[in-house]
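>>> just coords:
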């Protein structure tokens, strides 16, 4: 049997930087490393929206990416 051990988590802010010729959103990403792997979705969302309020472009999407390693037991 094996288990997961958290290695790294990061918050990804996807920002709408404009639109293409068909009206589809152009999106760029900003990543913040060092996020607690056990952070609740509500807390991550609150932080993402607070940070987005400081930016000049609107928040399009928020993601939390976790990287784990598999450890044999």
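Alright, I've got the coordinates. For clarity, every value in this text was computed on a predicted model and none was experimentally measured. Residues are numbered from 1 along each chain as shown.
>>> strands paired with the longest strand seen in the chain, and their directions?
In the chain, taking DSSP state E as the definition, the longest strand is strand 2-19. When pairs are called by DSSP bridges, strand 2-19 turns out to pair with strand 25-33 (antiparallel), strand 59-72 (antiparallel).
>>> chain center to the shortest one, what's the gap?
I take that to be strand 25-33. On the basis of Cα atoms, centre = their mean, to the nearest Å, strand 25-33 sits 8 Å off its chain's mean C-alpha point.
>>> ok, now the longest one?
Here strand 59-72 is found 8 Å from its chain centre; the criterion is Cα atoms, centre = their mean.
>>> show me what contacts the nearest residue to residue 37 once chain neighbours are set aside?
Distances taken as Cβ to Cβ, 6 or more residues apart in numbering put residue 6 closest to residue 37, at 3.8 Å, once the chain neighbours are dropped. For the C-beta atoms, the positions are set from N, CA and C on the backbone; glycine is no exception. By Cβ atoms under 8 Å, 6 or more residues apart in numbering, residue 6 lies in contact with 37, 38, 66, 67, 68.
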